[in-house]
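Asks: Okay, structure incoming, though there's no sequence with it:
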(Lines give C-alpha, C1' and ligand atoms only; values in the text may rest on other atoms or scores of the structure.)
Protein backbone atom coordinates (compact mmCIF):
# COMPACT_ATOMS: atom_id res chain seq x y z
CA UNK A 1 0.00 0.00 0.00
CA UNK A 2 1.52 3.30 -1.15
CA UNK A 3 0.64 5.58 1.75
CA UNK A 4 3.67 7.18 3.42
CA UNK A 5 4.21 6.96 7.16
CA UNK A 6 3.30 10.63 7.67
CA UNK A 7 0.20 10.44 5.44
CA UNK A 8 -3.02 9.70 7.25
CA UNK A 9 -5.46 7.24 5.68
CA UNK A 10 -8.54 8.95 4.30
CA UNK A 11 -11.97 8.41 5.78
CA UNK A 12 -13.02 5.79 3.23
CA UNK A 13 -9.91 3.71 3.95
CA UNK A 14 -10.79 3.83 7.65
CA UNK A 15 -14.32 2.69 6.83
CA UNK A 16 -12.96 -0.24 4.80
CA UNK A 17 -10.53 -1.20 7.56
CA UNK A 18 -13.26 -1.17 10.21
CA UNK A 19 -15.62 -3.47 8.29
CA UNK A 20 -15.28 -5.03 4.85
CA UNK A 21 -17.85 -3.39 2.54
CA UNK A 22 -17.83 -6.49 0.35
CA UNK A 23 -20.24 -8.16 2.80
CA UNK A 24 -22.66 -5.26 3.24
CA UNK A 25 -25.48 -7.08 1.40
CA UNK A 26 -25.90 -9.35 4.42
CA UNK A 27 -27.13 -6.36 6.43
CA UNK A 28 -29.80 -5.25 3.97
CA UNK A 29 -32.60 -7.26 5.67
CA UNK A 30 -31.88 -5.50 8.99
CA UNK A 31 -31.84 -2.10 7.32
CA UNK A 32 -35.15 -2.94 5.64
CA UNK A 33 -36.74 -3.88 9.00
CA UNK A 34 -35.38 -0.93 10.95
CA UNK A 35 -35.75 1.75 8.26
CA UNK A 36 -33.30 3.93 6.40
CA UNK A 37 -32.71 6.22 9.39
CA UNK A 38 -31.09 3.29 11.19
CA UNK A 39 -28.34 2.92 8.60
CA UNK A 40 -25.08 4.30 10.06
CA UNK A 41 -23.28 6.86 7.91
CA UNK A 42 -20.36 4.51 7.31
CA UNK A 43 -22.70 1.76 6.12
CA UNK A 44 -24.33 4.21 3.72
CA UNK A 45 -20.92 4.43 2.06
CA UNK A 46 -20.41 0.66 2.21
CA UNK A 47 -23.72 0.12 0.39
CA UNK A 48 -22.08 1.60 -2.72
CA UNK A 49 -20.04 -1.60 -3.05
CA UNK A 50 -23.35 -3.24 -3.93
CA UNK A 51 -24.41 -0.39 -6.17
CA UNK A 52 -26.92 1.14 -3.72
CA UNK A 53 -26.52 4.88 -3.14
CA UNK A 54 -28.06 6.98 -0.37
CA UNK A 55 -29.10 10.36 -1.81
CA UNK A 56 -29.08 13.37 0.53
CA UNK A 57 -31.48 15.22 -1.75
CA UNK A 58 -34.11 12.49 -1.42
CA UNK A 59 -33.82 11.13 2.14
CA UNK A 60 -35.11 7.59 2.36
CA UNK A 61 -35.00 7.10 -1.40
CA UNK A 62 -31.97 5.50 -3.01
CA UNK A 63 -30.27 5.13 -6.39
CA UNK A 64 -29.02 1.83 -7.84
CA UNK A 65 -26.43 1.62 -10.61
CA UNK A 66 -26.64 -1.46 -12.82
CA UNK A 67 -23.62 -3.11 -14.43
CA UNK A 68 -23.80 -3.63 -18.19
CA UNK A 69 -20.87 -4.95 -20.20
CA UNK A 70 -19.93 -2.55 -22.96
CA UNK A 71 -23.46 -1.16 -22.94
CA UNK A 72 -25.08 -4.42 -24.02
CA UNK A 73 -28.63 -5.10 -22.91
CA UNK A 74 -31.85 -6.52 -24.40
CA UNK A 75 -35.60 -6.17 -24.55
CA UNK A 76 -36.25 -8.48 -21.59
CA UNK A 77 -33.91 -6.49 -19.39
CA UNK A 78 -35.39 -3.20 -20.56
CA UNK A 79 -38.91 -4.36 -19.63
CA UNK A 80 -37.72 -5.44 -16.20
CA UNK A 81 -35.96 -2.12 -15.58
CA UNK A 82 -39.04 -0.24 -16.76
CA UNK A 83 -41.32 -2.17 -14.41
CA UNK A 84 -38.98 -1.80 -11.42
CA UNK A 85 -38.82 1.96 -11.96
CA UNK A 86 -42.57 2.20 -12.46
CA UNK A 87 -43.41 0.11 -9.39
CA UNK A 88 -40.74 1.28 -6.94
CA UNK A 89 -39.46 4.60 -8.33
CA UNK A 90 -40.41 7.67 -10.39
CA UNK A 91 -41.12 5.73 -13.63
CA UNK A 92 -37.92 6.82 -15.32
CA UNK A 93 -34.25 5.89 -15.26
CA UNK A 94 -31.00 7.51 -16.38
CA UNK A 95 -28.54 6.23 -18.98
CA UNK A 96 -25.03 7.18 -17.90
CA UNK A 97 -21.93 8.23 -19.83
CA UNK A 98 -20.46 4.81 -18.90
CA UNK A 99 -23.20 2.92 -20.77
CA UNK A 100 -24.98 1.88 -17.57
CA UNK A 101 -28.47 2.52 -16.19
CA UNK A 102 -29.29 4.12 -12.85
CA UNK A 103 -32.55 3.36 -11.08
CA UNK A 104 -33.93 6.02 -8.74
CA UNK A 105 -36.40 6.69 -5.98
CA UNK A 106 -36.80 3.30 -4.27
CA UNK A 107 -36.78 2.61 -0.54
CA UNK A 108 -34.35 0.33 1.29
CA UNK A 109 -36.98 -2.35 1.91
CA UNK A 110 -37.28 -2.83 -1.88
CA UNK A 111 -33.61 -3.56 -2.53
CA UNK A 112 -33.68 -7.34 -2.20
CA UNK A 113 -36.81 -7.60 -4.34
CA UNK A 114 -35.19 -5.40 -7.02
CA UNK A 115 -32.04 -7.55 -6.96
CA UNK A 116 -34.13 -10.70 -7.40
CA UNK A 117 -35.87 -9.27 -10.47
CA UNK A 118 -32.59 -8.08 -11.95
CA UNK A 119 -30.84 -11.40 -11.38
CA UNK A 120 -33.70 -13.20 -13.13
CA UNK A 121 -32.81 -11.37 -16.37
CA UNK A 122 -29.04 -11.48 -15.99
CA UNK A 123 -28.45 -8.08 -14.40
CA UNK A 124 -26.97 -6.94 -11.08
CA UNK A 125 -25.49 -3.91 -9.32
CA UNK A 126 -22.43 -5.43 -7.68
CA UNK A 127 -19.29 -3.28 -7.33
CA UNK A 128 -20.69 -0.38 -9.35
CA UNK A 129 -19.72 2.26 -6.83
CA UNK A 130 -16.90 3.47 -4.62
CA UNK A 131 -13.41 1.88 -4.87
CA UNK A 132 -14.09 -0.70 -7.55
CA UNK A 133 -13.63 -1.22 -11.27
CA UNK A 134 -16.74 0.43 -12.65
CA UNK A 135 -18.71 -0.89 -15.63
CA UNK A 136 -16.27 -1.73 -18.42
CA UNK A 137 -16.94 0.40 -21.49
CA UNK A 138 -16.69 -0.62 -25.13
CA UNK A 139 -18.01 0.17 -28.57
CA UNK A 140 -21.81 -0.20 -28.32
CA UNK A 141 -21.96 -1.85 -31.76
CA UNK A 142 -19.15 -4.32 -31.16
CA UNK A 143 -19.58 -7.30 -33.44
CA UNK A 144 -21.88 -5.30 -35.72
CA UNK A 145 -19.91 -2.41 -37.22
CA UNK A 146 -18.21 -3.05 -40.58
CA UNK A 147 -15.50 -0.53 -39.67
CA UNK A 148 -14.32 -2.09 -36.41
CA UNK A 149 -10.90 -3.75 -36.34
CA UNK A 150 -12.07 -6.48 -33.99
CA UNK A 151 -14.93 -7.33 -31.65
CA UNK A 152 -13.62 -6.57 -28.15
CA UNK A 153 -16.62 -8.11 -26.37
CA UNK A 154 -14.78 -11.30 -25.28
CA UNK A 155 -12.14 -9.23 -23.48
CA UNK A 156 -14.79 -7.09 -21.76
CA UNK A 157 -16.69 -10.18 -20.65
CA UNK A 158 -13.56 -11.94 -19.42
CA UNK A 159 -12.29 -8.95 -17.45
CA UNK A 160 -15.75 -8.36 -15.95
CA UNK A 161 -15.92 -12.01 -14.86
CA UNK A 162 -12.46 -11.60 -13.32
CA UNK A 163 -13.41 -8.64 -11.11
CA UNK A 164 -17.06 -9.10 -10.13
CA UNK A 165 -17.41 -11.02 -6.90
CA UNK A 166 -13.64 -11.06 -6.43
CA UNK A 167 -12.35 -9.47 -3.23
CA UNK A 168 -8.93 -9.02 -4.82
CA UNK A 169 -10.40 -6.24 -6.98
CA UNK A 170 -12.81 -4.72 -4.44
CA UNK A 171 -10.41 -2.64 -2.34
CA UNK A 172 -8.76 -0.23 -4.75
CA UNK A 173 -7.48 3.21 -3.64
CA UNK A 174 -10.17 4.89 -5.71
CA UNK A 175 -12.71 4.25 -8.47
CA UNK A 176 -11.24 2.69 -11.60
CA UNK A 177 -12.47 3.18 -15.17
CA UNK A 178 -11.67 0.83 -18.05
CA UNK A 179 -12.46 0.95 -21.76
CA UNK A 180 -11.70 -1.90 -24.18
CA UNK A 181 -12.69 -1.21 -27.76
CA UNK A 182 -12.03 -2.41 -31.27
CA UNK A 183 -13.89 0.54 -32.83
CA UNK A 184 -11.79 2.60 -35.23
CA UNK A 185 -14.16 5.58 -35.07
CA UNK A 186 -13.46 6.81 -31.52
CA UNK A 187 -16.92 6.32 -30.01
CA UNK A 188 -15.69 5.98 -26.40
CA UNK A 189 -13.60 8.40 -24.37
CA UNK A 190 -10.64 6.05 -23.95
CA UNK A 191 -8.07 8.71 -23.13
CA UNK A 192 -10.05 9.73 -20.04
CA UNK A 193 -9.88 6.23 -18.55
CA UNK A 194 -7.58 4.61 -16.01
CA UNK A 195 -7.03 1.89 -18.61
CA UNK A 196 -7.64 2.38 -22.32
CA UNK A 197 -7.27 -0.49 -24.79
CA UNK A 198 -7.64 0.82 -28.34
CA UNK A 199 -7.55 -1.11 -31.65
CA UNK A 200 -4.12 -1.83 -33.13
CA UNK A 201 -2.31 -4.31 -35.36
CA UNK A 202 1.15 -5.81 -34.99
CA UNK A 203 3.21 -8.20 -37.06
CA UNK A 204 4.10 -11.21 -34.93
CA UNK A 205 5.92 -14.16 -36.45
CA UNK A 206 5.26 -12.88 -39.97
CA UNK A 207 1.52 -12.60 -39.34
CA UNK A 208 -0.47 -9.41 -38.71
CA UNK A 209 -2.25 -9.84 -35.38
CA UNK A 210 -5.21 -7.72 -34.33
CA UNK A 211 -5.35 -6.53 -30.76
CA UNK A 212 -4.92 -3.41 -28.64
CA UNK A 213 -2.45 -0.72 -27.71
CA UNK A 214 -2.47 0.00 -23.99
CA UNK A 215 -2.64 3.43 -22.35
CA UNK A 216 -3.18 4.18 -18.65
CA UNK A 217 -3.69 6.99 -16.17
CA UNK A 218 -6.44 8.99 -17.84
CA UNK A 219 -9.10 10.75 -15.79
CA UNK A 220 -11.64 13.56 -15.91
CA UNK A 221 -12.18 14.63 -12.28
CA UNK A 222 -9.72 15.12 -9.39
CA UNK A 223 -7.63 17.97 -10.76
CA UNK A 224 -9.00 18.09 -14.29
CA UNK A 225 -8.68 16.11 -17.50
CA UNK A 226 -5.49 14.06 -17.67
CA UNK A 227 -4.90 12.26 -20.96
CA UNK A 228 -4.00 8.57 -20.59
CA UNK A 229 -0.31 7.85 -21.26
CA UNK A 230 0.63 5.21 -23.88
CA UNK A 231 2.61 2.42 -22.21
CA UNK A 232 4.20 1.18 -25.46
CA UNK A 233 2.41 -2.16 -25.01
CA UNK A 234 0.49 -4.26 -27.53
CA UNK A 235 -1.73 -7.16 -26.42
CA UNK A 236 -3.72 -9.59 -28.58
CA UNK A 237 -7.39 -10.13 -27.80
CA UNK A 238 -6.86 -13.26 -25.71
CA UNK A 239 -4.43 -11.47 -23.36
CA UNK A 240 -6.36 -8.20 -22.97
CA UNK A 241 -8.29 -9.10 -19.80
CA UNK A 242 -5.13 -10.30 -18.07
CA UNK A 243 -3.20 -7.10 -18.79
CA UNK A 244 -6.11 -5.08 -17.42
CA UNK A 245 -6.04 -7.24 -14.31
CA UNK A 246 -2.30 -6.68 -13.80
CA UNK A 247 -2.63 -2.89 -14.16
CA UNK A 248 -5.57 -2.83 -11.75
CA UNK A 249 -3.64 -4.77 -9.11
CA UNK A 250 -0.58 -2.55 -9.54
CA UNK A 251 -2.86 0.33 -8.66
CA UNK A 252 -4.32 -1.60 -5.72
CA UNK A 253 -0.89 -2.32 -4.25
CA UNK A 254 0.92 0.96 -4.99
CA UNK A 255 -1.70 3.70 -5.36
CA UNK A 256 -1.98 6.34 -2.66
CA UNK A 257 -4.61 5.87 0.04
CA UNK A 258 -4.17 9.37 1.39
CA UNK A 259 -6.24 12.39 0.21
CA UNK A 260 -9.03 11.21 -2.08
CA UNK A 261 -8.44 13.95 -4.65
CA UNK A 262 -4.92 12.65 -5.30
CA UNK A 263 -5.26 8.88 -5.47
CA UNK A 264 -6.32 8.03 -9.01
CA UNK A 265 -3.95 5.94 -11.11
CA UNK A 266 -2.84 9.09 -12.94
CA UNK A 267 -0.99 10.30 -9.84
CA UNK A 268 0.90 7.02 -9.44
CA UNK A 269 2.03 7.14 -13.08
CA UNK A 270 3.03 10.78 -12.69
CA UNK A 271 5.13 9.82 -9.67
CA UNK A 272 6.75 6.75 -11.26
CA UNK A 273 6.87 7.78 -14.89
CA UNK A 274 5.55 5.63 -17.73
CA UNK A 275 8.87 3.76 -18.04
CA UNK A 276 8.91 2.51 -14.46
CA UNK A 277 5.21 1.70 -14.59
CA UNK A 278 5.79 -0.43 -17.67
CA UNK A 279 8.69 -2.23 -15.95
CA UNK A 280 6.52 -2.99 -12.92
CA UNK A 281 3.77 -4.20 -15.24
CA UNK A 282 6.18 -6.60 -16.94
CA UNK A 283 7.35 -7.85 -13.54
CA UNK A 284 3.77 -8.55 -12.46
CA UNK A 285 2.94 -10.19 -15.79
CA UNK A 286 6.06 -12.33 -15.49
CA UNK A 287 7.15 -11.81 -19.09
CA UNK A 288 8.35 -9.23 -21.59
CA UNK A 289 5.54 -7.24 -23.14
CA UNK A 290 5.33 -6.51 -26.85
CA UNK A 291 5.93 -2.90 -27.95
CA UNK A 292 2.91 -1.00 -29.24
CA UNK A 293 1.48 -1.88 -32.61
CA UNK A 294 0.10 0.23 -35.44
CA UNK A 295 -2.79 2.40 -34.22
CA UNK A 296 -5.88 1.39 -36.22
CA UNK A 297 -8.05 4.35 -35.24
CA UNK A 298 -9.10 6.92 -37.81
CA UNK A 299 -8.06 10.33 -36.43
CA UNK A 300 -10.49 12.11 -38.76
CA UNK A 301 -13.62 10.25 -37.64
CA UNK A 302 -15.55 10.37 -34.39
CA UNK A 303 -18.96 8.76 -34.28
CA UNK A 304 -21.79 8.49 -31.78
CA UNK A 305 -23.55 5.72 -33.77
CA UNK A 306 -26.73 7.82 -34.03
CA UNK A 307 -28.71 7.22 -37.21
CA UNK A 308 -29.30 4.26 -39.53
CA UNK A 309 -26.23 2.12 -40.31
CA UNK A 310 -25.55 -1.11 -42.16
CA UNK A 311 -24.08 -3.92 -40.11
CA UNK A 312 -21.29 -6.22 -41.17
CA UNK A 313 -23.96 -8.94 -41.33
CA UNK A 314 -25.54 -8.85 -44.80
CA UNK A 315 -29.08 -7.48 -44.91
CA UNK A 316 -29.01 -6.22 -41.31
CA UNK A 317 -28.87 -2.71 -39.85
CA UNK A 318 -28.70 -0.93 -36.52
CA UNK A 319 -30.44 2.32 -35.62
CA UNK A 320 -29.07 4.73 -33.00
CA UNK A 321 -31.69 6.79 -31.15
CA UNK A 322 -31.06 9.92 -29.09
CA UNK A 323 -32.42 9.90 -25.53
CA UNK A 324 -32.40 13.61 -24.58
CA UNK A 325 -29.91 14.06 -21.71
CA UNK A 326 -30.10 10.32 -21.04
CA UNK A 327 -33.36 10.32 -19.07
CA UNK A 328 -35.74 7.63 -20.31
CA UNK A 329 -39.24 6.90 -19.02
CA UNK A 330 -40.61 3.49 -18.19
CA UNK A 331 -43.08 3.84 -21.05
CA UNK A 332 -40.24 4.63 -23.46
CA UNK A 333 -38.27 1.63 -22.21
CA UNK A 334 -41.27 -0.61 -22.77
CA UNK A 335 -41.71 0.79 -26.27
CA UNK A 336 -38.01 0.39 -27.03
CA UNK A 337 -38.26 -3.25 -25.95
CA UNK A 338 -41.33 -3.80 -28.13
CA UNK A 339 -39.66 -2.16 -31.13
CA UNK A 340 -36.45 -4.15 -30.59
CA UNK A 341 -38.47 -7.38 -30.66
CA UNK A 342 -40.74 -6.40 -33.55
CA UNK A 343 -38.02 -5.15 -35.87
CA UNK A 344 -34.89 -6.89 -34.58
CA UNK A 345 -34.03 -9.74 -32.23
CA UNK A 346 -34.35 -7.82 -28.94
CA UNK A 347 -30.74 -6.61 -28.98
CA UNK A 348 -30.38 -3.13 -27.41
CA UNK A 349 -27.12 -1.26 -26.81
CA UNK A 350 -26.30 1.86 -24.74
CA UNK A 351 -23.79 4.49 -25.80
CA UNK A 352 -21.33 6.83 -24.08
CA UNK A 353 -23.54 9.69 -25.27
CA UNK A 354 -26.42 8.41 -23.07
CA UNK A 355 -28.34 7.10 -26.07
CA UNK A 356 -29.57 3.69 -27.23
CA UNK A 357 -29.20 1.49 -30.29
CA UNK A 358 -31.61 -1.11 -31.67
CA UNK A 359 -29.74 -3.75 -33.65
CA UNK A 360 -30.20 -6.51 -36.21
CA UNK A 361 -32.99 -4.92 -38.24
CA UNK A 362 -33.72 -6.39 -41.67
CA UNK A 363 -33.46 -4.05 -44.65
CA UNK A 364 -37.15 -4.45 -45.40
CA UNK A 365 -38.13 -3.41 -41.86
CA UNK A 366 -36.19 -0.14 -41.68
CA UNK A 367 -39.01 1.90 -43.23
CA UNK A 368 -41.54 0.63 -40.73
CA UNK A 369 -39.23 1.25 -37.81
CA UNK A 370 -38.65 4.88 -38.74
CA UNK A 371 -42.41 5.45 -38.70
CA UNK A 372 -42.84 4.19 -35.12
CA UNK A 373 -44.19 6.84 -32.70
CA UNK A 374 -41.28 6.18 -30.33
CA UNK A 375 -38.87 7.50 -32.95
CA UNK A 376 -40.57 10.88 -32.82
CA UNK A 377 -39.54 11.08 -29.15
CA UNK A 378 -36.19 9.29 -29.39
CA UNK A 379 -35.05 10.45 -32.80
CA UNK A 380 -32.54 8.85 -35.14
CA UNK A 381 -32.25 12.18 -37.05
CA UNK A 382 -32.24 14.91 -34.38
CA UNK A 383 -30.79 18.41 -34.74
CA UNK A 384 -27.08 18.41 -33.93
CA UNK A 385 -27.56 20.55 -30.82
CA UNK A 386 -29.82 17.84 -29.36
CA UNK A 387 -27.83 14.91 -30.73
CA UNK A 388 -24.62 16.02 -29.00
CA UNK A 389 -26.13 17.18 -25.69
CA UNK A 390 -24.92 15.17 -22.68
CA UNK A 391 -25.63 15.84 -19.02
CA UNK A 392 -24.63 14.40 -15.67
CA UNK A 393 -27.27 13.75 -13.00
CA UNK A 394 -27.14 17.24 -11.49
CA UNK A 395 -28.13 18.47 -8.06
CA UNK A 396 -31.59 16.86 -8.14
CA UNK A 397 -30.05 13.52 -7.21
CA UNK A 398 -26.29 14.02 -6.69
CA UNK A 399 -24.95 15.75 -3.58
CA UNK A 400 -21.64 16.50 -5.33
CA UNK A 401 -23.36 18.60 -7.99
CA UNK A 402 -23.45 22.36 -7.59
CA UNK A 403 -26.30 23.05 -10.03
CA UNK A 404 -29.24 21.42 -11.74
CA UNK A 405 -28.07 20.19 -15.15
CA UNK A 406 -30.58 18.15 -17.14
CA UNK A 407 -33.29 20.81 -17.17
CA UNK A 408 -30.81 23.51 -18.15
CA UNK A 409 -29.46 21.24 -20.90
CA UNK A 410 -32.92 20.66 -22.38
CA UNK A 411 -33.70 24.37 -22.32
CA UNK A 412 -30.39 25.11 -24.02
CA UNK A 413 -30.95 22.55 -26.77
CA UNK A 414 -34.44 23.91 -27.50
CA UNK A 415 -33.14 27.47 -27.64
CA UNK A 416 -30.28 26.59 -29.99
CA UNK A 417 -32.58 24.59 -32.26
CA UNK A 418 -34.94 27.54 -32.55
CA UNK A 419 -32.47 30.43 -32.70
CA UNK A 420 -29.33 29.03 -34.33
CA UNK A 421 -30.88 26.53 -36.71
CA UNK A 422 -29.00 23.74 -38.47
CA UNK A 423 -25.33 23.41 -37.50
CA UNK A 424 -22.51 21.03 -38.17
CA UNK A 425 -21.87 18.21 -35.68
CA UNK A 426 -21.31 19.54 -32.16
CA UNK A 427 -21.06 18.06 -28.68
CA UNK A 428 -22.16 20.04 -25.62
CA UNK A 429 -21.51 18.30 -22.30
CA UNK A 430 -22.67 19.36 -18.82
CA UNK A 431 -20.91 18.41 -15.57
CA UNK A 432 -22.51 19.63 -12.36
CA UNK A 433 -19.24 19.54 -10.43
CA UNK A 434 -15.48 18.99 -10.95
CA UNK A 435 -15.95 15.20 -10.74
CA UNK A 436 -16.83 15.60 -14.41
CA UNK A 437 -19.33 12.77 -14.82
CA UNK A 438 -20.68 14.58 -17.87
CA UNK A 439 -17.27 14.39 -19.58
CA UNK A 440 -17.35 18.16 -20.18
CA UNK A 441 -13.59 18.21 -20.89
CA UNK A 442 -14.05 15.94 -23.92
CA UNK A 443 -16.62 18.07 -25.75
CA UNK A 444 -16.65 20.80 -28.37
CA UNK A 445 -18.33 22.90 -25.67
CA UNK A 446 -17.95 21.80 -22.07
CA UNK A 447 -20.00 23.32 -19.25
CA UNK A 448 -18.84 22.99 -15.64
CA UNK A 449 -21.49 23.91 -13.08
CA UNK A 450 -20.92 26.36 -10.22
CA UNK A 451 -22.69 29.11 -8.29
CA UNK A 452 -22.08 32.79 -8.96
CA UNK A 453 -23.26 36.09 -7.54
CA UNK A 454 -25.45 38.32 -9.67
CA UNK A 455 -26.22 41.43 -7.76
CA UNK A 456 -27.56 40.30 -4.41
CA UNK A 457 -28.60 36.81 -5.54
CA UNK A 458 -26.72 33.54 -5.97
CA UNK A 459 -27.56 31.76 -9.23
CA UNK A 460 -26.69 28.61 -11.17
CA UNK A 461 -23.79 29.27 -13.52
CA UNK A 462 -21.13 27.54 -15.61
CA UNK A 463 -17.60 27.93 -16.79
CA UNK A 464 -17.44 27.36 -20.55
CA UNK A 465 -14.68 25.25 -22.09
CA UNK A 466 -14.11 24.64 -25.79
CA UNK A 467 -12.37 22.16 -28.07
CA UNK A 468 -11.76 19.31 -25.61
CA UNK A 469 -11.16 15.97 -27.26
CA UNK A 470 -10.41 12.30 -26.78
CA UNK A 471 -9.08 9.92 -29.43
CA UNK A 472 -5.73 9.75 -31.26
CA UNK A 473 -5.42 13.54 -31.16
CA UNK A 474 -6.70 14.11 -27.62
CA UNK A 475 -6.70 17.65 -26.34
CA UNK A 476 -7.38 19.33 -22.98
CA UNK A 477 -10.00 22.06 -23.49
CA UNK A 478 -9.47 25.79 -23.20
CA UNK A 479 -11.54 27.79 -20.74
CA UNK A 480 -13.37 30.44 -22.76
CA UNK A 481 -15.81 32.01 -20.29
CA UNK A 482 -16.30 32.06 -16.52
CA UNK A 483 -19.33 32.46 -14.27
CA UNK A 484 -21.96 32.56 -17.00
CA UNK A 485 -25.41 32.42 -15.34
CA UNK A 486 -27.41 29.50 -16.73
CA UNK A 487 -30.33 31.70 -17.70
CA UNK A 488 -27.94 33.80 -19.83
CA UNK A 489 -26.11 30.81 -21.29
CA UNK A 490 -28.37 30.11 -24.32
CA UNK A 491 -27.79 33.59 -25.71
CA UNK A 492 -24.05 33.36 -25.09
CA UNK A 493 -23.71 29.97 -26.78
CA UNK A 494 -25.88 31.02 -29.71
CA UNK A 495 -23.04 33.37 -30.63
CA UNK A 496 -20.33 30.74 -30.06
CA UNK A 497 -21.82 27.61 -31.68
CA UNK A 498 -21.48 28.81 -35.31
CA UNK A 499 -17.75 29.35 -34.80
CA UNK A 500 -17.27 25.96 -33.14
CA UNK A 501 -19.01 24.10 -35.97
CA UNK A 502 -17.44 26.08 -38.80
CA UNK A 503 -15.07 23.92 -40.87
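Replies: Yes, it's here. It should be emphasised that the depicted structure is a prediction, and the values quoted were computed from it without experimental measurement. Numbering: from 1, shown residues only.

Asks: In the stretch 401-503 of the chain, what residue spans correspond to strands?
Replies: Ranges of strands in the stretch 401-503 of the chain, per DSSP state E, counting those that start in this stretch, are 428-431, 445-454, 457-466, 478-485.

Asks: list the buried ones in the helix or strand harbouring residue 367?
Replies: With secondary structure defined by DSSP states H and E, residue 367 is part of helix 366-370. Across helix 366-370, burial judged by 16 or more other C-beta atoms under 10 Å covers residue 369. The way it works is simple: take the backbone N, C-alpha and C, and place the C-beta from them, glycine included.

Asks: Which strands or helices does it pack on?
Replies: Packed against helix 366-370, as judged by 3 or more C-beta pairs under 8 Å, 6 or more residues apart in numbering; DSSP states H and E, are the following elements: strand 316-321, helix 330-343.

Asks: quick one: residue 213 and residue 471, what's the gap?
Replies: Using C-beta to C-beta, to the nearest Å, residue 213 is found at 13 Å from residue 471.

Asks: Tabulate the helices and strands packed on helix 366-370 (a markdown table), appending mean neighbour count, distance to residue 357 and mean pLDDT.
Replies: Formatted as a markdown table, the entries for those read as follows, by neighbours: other C-beta atoms under 10 Å; distance: least, C-beta to C-beta, whole Å; pLDDT from 0 to 100:
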| stretch | mean neighbour count | distance to residue 357 | mean pLDDT |
| --- | --- | --- | --- |
| strand 316-321 | 22 | 5 | 98 |
| helix 330-343 | 20 | 10 | 98 |
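
Asks: for the chain, which spans come out with low pLDDT?
Replies: 1-7, 502-503 (pLDDT under 70).

Asks: how's it carved up into domains?
Replies: What automatic domain parsing lists as the domains of the chain is 11-120, 153-295, 307-320+335-378, 387-501.

Asks: show me what contacts residue 333?
Replies: Taking C-beta atoms under 8 Å, 6 or more residues apart in numbering as the criterion, residue 333 is in contact with 78, 79, 81, 82, 85, 93.

Asks: any chance of those in TSV, plus secondary structure and distance to residue 222?
Replies: Shown next, in TSV, are the contacts of residue 333 (DSSP: H, G, I helix; E, B strand; the rest coil; distance: C-beta to C-beta, whole Å):
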residue	secondary structure	distance to residue 222
78	helix	34
79	helix	38
81	helix	31
82	helix	35
85	helix	31
93	strand	27
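
Asks: can you name the two of those that are farthest apart?
Replies: Greatest spacing in those, by C-beta to C-beta: 79 and 93 (12.4 Å).

Asks: what about the two, which has more around it?
Replies: residue 93 (28 against 19; other C-beta atoms under 10 Å).

Asks: mind listing what the more buried one touches?
Replies: With the criterion set at C-beta under 8 Å, 6+ apart, residue 93 makes contact with 81, 82, 85, 101, 102, 103, 104, 327, 328, 330, 333.

Asks: what's the distance between it and residue 348?
Replies: Counting by C-beta to C-beta, the gap between residue 93 and residue 348 amounts to 13 Å.

Asks: on that earlier part again, distance to residue 494 and mean neighbour count for the strands of the stretch 401-503 of the chain - can I get that in TSV?
Replies: Putting the strands of the stretch 401-503 of the chain into TSV (distance: least, C-beta to C-beta, whole Å; neighbours: other C-beta atoms under 10 Å) gives the following:
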stretch	distance to residue 494	mean neighbour count
strand 428-431	12	30
strand 445-454	12	20
strand 457-466	13	19
strand 478-485	12	14
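
Asks: how near is residue 273 to residue 437?
Replies: The spacing between residue 273 and residue 437, counted by C-beta to C-beta, is 29 Å.

Asks: So which of those two has more stuff around it?
Replies: residue 437 (24 against 11).

Asks: tell me the contacts of the residue positioned nearest the centre of the chain?
Replies: The residue at the geometric middle of the chain, judged as the C-alpha nearest the mean C-alpha position with C-alpha atoms, centre = their mean, is residue 98 (1.4 Å). Residues touching residue 98, when contacts are defined by C-beta under 8 Å, 6+ apart, comprise 134, 135, 137, 177, 352.

Asks: out of those, who has the most neighbours?
Replies: Per-residue neighbour counts (other C-beta under 10 Å) across the contacts of residue 98 peak at residue 137, which has 29 neighbours.

Asks: Let me see the backbone angles for that residue.
Replies: Residue 137 adopts backbone torsions of phi -90, psi 160, taken as degrees, to the nearest 10.

Asks: I'd like to know how far residue 261 sits from residue 275.
Replies: Following C-beta to C-beta, the distance that separates residue 261 from residue 275 is 26 Å.

Asks: Please say which of these two ends up with more neighbours.
Replies: Neighbours of residue 261 and residue 275, each counted by other C-beta under 10 Å, are more numerous for residue 261; the result is 14 against 10.

Asks: Next up, the contacts around the closest residue to the more buried one other than its chain neighbours.
Replies: In space, residue 261 comes closest to residue 222 once its chain neighbours are excluded; the distance is 5.0 Å by C-beta to C-beta, 6 or more residues apart in numbering. Residue 222 sits next to 260, 261, 262, 264, 266, 434, 435 when contact means C-beta under 8 Å, 6+ apart.

Asks: shouldn't the fourth one be in contact with residue 174?
Replies: Same thing as residue 264. Yes: with contact defined as C-beta atoms under 8 Å, residue 264 reaches residue 174; the gap is 5.3 Å.

Asks: so what sits against both of those two?
Replies: Taking C-beta under 8 Å, 6+ apart as the contact definition, residue 264 and residue 174 share the neighbouring residues residue 255.

Asks: more crowded one of the two?
Replies: For residue 264 versus residue 174, neighbours defined as other C-beta under 10 Å are more numerous around residue 264 (27 against 24).

Asks: Could you pull up the residues touching residue 334?
Replies: Listed by C-beta under 8 Å, 6+ apart, the contact set of residue 334 reads 78, 79, 82.

Asks: In three-state terms, how would the nearest residue in space to residue 183 that is not next to it in sequence be classified?
Replies: The spatial neighbour of residue 183 that comes closest, neighbours along the chain excluded (C-beta to C-beta, 6+ apart), is residue 139 at 3.5 Å. At residue 139, secondary structure determined by DSSP: H, G, I helix; E, B strand; the rest coil is coil.

Asks: Kindly report the same for the one 3 residues further on.
Replies: At residue 142 the chain is in coil, as set by three-state DSSP.

Asks: Neighbours of it, how many?
Replies: For residue 142, the number of neighbouring residues by other C-beta under 10 Å comes to 25.

Asks: Look up how far residue 176 lies from it.
Replies: For residue 142, the distance to residue 176 under the criterion C-beta to C-beta works out to 21 Å.

Asks: what do you get for residue 221?
Replies: Separation of residue 221 from residue 176 (C-beta to C-beta): 13 Å.

Asks: Neighbour count for those two, which is higher?
Replies: Shown here are residue 221 and residue 176; by other C-beta under 10 Å, residue 176 has more neighbours (23 against 19).

Asks: Quick check on that one: phi, psi?
Replies: Backbone geometry at residue 176, expressed as degrees, to the nearest 10, gives phi -140, psi 120.

Asks: ditto for residue 349
Replies: Its backbone dihedrals place residue 349 at phi -130, psi 150, with angles given as degrees, to the nearest 10.

Asks: From what I see, it and residue 74 are in contact.
Replies: No: proximity of residue 349 to residue 74 does not meet the contact threshold set by C-beta under 8 Å, at 9.4 Å.

Asks: neighbour count winner among these two?
Replies: The residue with the greater number of neighbours, taking residue 349 and residue 74 and applying other C-beta under 10 Å, is residue 349; the counts read 25 against 19.

Asks: so who does that one touch?
Replies: Contacts of residue 349 were listed using C-beta under 8 Å, 6+ apart, and they are 71, 72, 73, 140, 141, 318, 356, 357, 359.

Asks: Quick check: the first one vs residue 298, distance?
Replies: Residue 71 sits at a distance of 21 Å from residue 298 (criterion: C-beta to C-beta).
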